[in-house]
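Visitor: My questions concern the predicted model and sequence given below.
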Amino acid sequence: MNALLPPVPVVDIRDGGPLFHARHSVKTARALRDACLDFLPRPARPLVPALDWLSRRSLARSRSPYFSEIREIAALLDCSGVWLLNACYQWGCTALAGEQHGAPWLIRTLDWPFRGLGRHMEVARMCGACGDFFSVTWPGYVGVLTAMAPRRFAACVNQAPMRRRTAHRWLRPYDYAANALSVWTCAGALPPDQLLRRTFEVCDNYDAARRMLEQTPVARPVIYILVGCAARERCVIERTETGSLTRTDETSAANDWLPTRPGWEGRIGADRFLSCSLAEAANQSRARREALAGWRGSFSESRFDWLREPVLNRYTRLAVAMSPAGGILRVAGYDLTGADLPQSATRLCEIETIPQAA
């Protein structure tokens, strides 16, 4: 990685949580909000306050334990979009729960269309009843998408396939809106990223984390990838709102069920949302998952040789490798700079930590 690139900030927010994080980085949080909302079509931007209101009502109905945090962050930043961005969902990801020398590793990319996410990403040291954990995150965001708890477990969130009520590619906006409406009217179920944060706070080992992620109702379908510290402690948990299917053999995932199920469609890039056929959508997700599943190199070296096409694509913003057994987290940010594929936007951040003895 180029030494001239900015480092990834590592911030300790164990005492103040995400509110302290936002207060510490107000300028960055507002810049991220602007970058994310700039992705919206111009005619849709005046709708942001209304979408904010709907997102706030949805999070209130979910009885989220982090509702007050978002409320205080929204008041601190004093701009619309905070509720919406804490309720929205990432577009695509690819992840692999692998194993080398008896130690599980979790490697993953996060693929979003928003520019600036890789450049502004930070690692937050957080804590809960069961100890510390490290979350790859952004100022103003309260959920957890990718995190590692040393000597406990590591996990990440992948977006599940889209539930299709129709079959034509041009009707995807209808299905997308109908799915969003069902989330906004759902009561008593946590958003998947907030459930993952809760899991890191209250679960002291892989088995407890797996049970919580399998059994807790969620507000929308999701794919969790989870690894522990011992051999064979790795799985992919495919969740609907109340159902769960866990696989422990083929432990790679992109943005479709394995195998594909009728009535669902693998996620596709935003630039092909209306033009991509159903078969192409399934192939995009499958190609990324199979490419990462076929990686036979080392996870333990301080480079991301596994990050290549199609796992690396124009939407890739983060790459992460985690080993909870060794207390290792490596992360780097990426962004589009005019080339066809994203380029490094940060230096490689490497954290090696062993928890203090009890």
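Guide: Done, it's in. Residues are numbered from 1 along each chain as shown.

Visitor: quick one: contacts for P342?
Guide: 118, 312, 314-317, 334-336 (C-beta atoms under 8 Å, 6 or more residues apart in numbering). Every C-beta, even on glycine, is put in place using the N, C-alpha and C of the backbone.

Visitor: Look up phi and psi at it.
Guide: In terms of degrees, to the nearest 10, the main-chain angles of P342 are phi -60, psi 150.

Visitor: Please apply the same query to the one 5 residues further on.
Guide: Torsion angles at R347 (phi, psi; degrees, to the nearest 10) stand at phi -70, psi 160.

Visitor: Pretty sure D340 sits against R314.
Guide: Yes: using C-beta atoms under 8 Å, D340 is in contact with R314, at 6.8 Å.

Visitor: Show me which of these two is the more surrounded one.
Guide: R314 (13 against 8; other C-beta atoms under 10 Å).

Visitor: Relative to G188, how far out is R61?
Guide: 7 Å (C-beta to C-beta, to the nearest Å).

Visitor: repeat for R303
Guide: R303 is 44 Å from G188, by C-beta to C-beta.

Visitor: okay, those two: which has more neighbours?
Guide: R303 (13 against 9).

Visitor: for Y334, helix, strand, or coil?
Guide: Here Y334 is strand, with the state taken from DSSP: H, G, I helix; E, B strand; the rest coil.

Visitor: now swap in F133 and tell me
Guide: strand.

Visitor: So in terms of bridging, what pairs with it?
Guide: M126 (DSSP bridges).

Visitor: So R314 versus R288, what's the distance?
Guide: Taking C-beta to C-beta, one finds R314 at 13 Å from R288.

Visitor: in what helix or strand does the residue nearest to R234 when sequence neighbours are not counted lie?
Guide: Distances taken as C-beta to C-beta, 6 or more residues apart in numbering place A97 nearest to R234, at 3.7 Å, with adjacent residues excluded. Assigned by DSSP states H and E, A97 falls within strand 92-100.

Visitor: Strands along the stretch 201-350 of the chain, start to end?
Guide: Ranges of strands in the stretch 201-350 of the chain, per DSSP state E, counting those that start in this stretch, are 222-227, 234-239, 244-247, 252-253, 264-265, 316-323, 328-335, 343-344, 349-352.

Visitor: Mind listing the strands the fifth one pairs with, and their directions?
Guide: Yep, that's strand 264-265 we're talking about. When DSSP bridges is applied, strand 264-265 pairs with strand 162-163 (antiparallel).

Visitor: quick one: buried residues of the helix or strand just after the partner strand?
Guide: Of the helices and strands lying after strand 162-163 in sequence (DSSP H and E), the nearest is helix 172-184. Across helix 172-184, burial judged by 16 or more other C-beta atoms under 10 Å covers 172, 175, 179-180, 183-184.

Visitor: I'm done for today, thanks for sticking with me.
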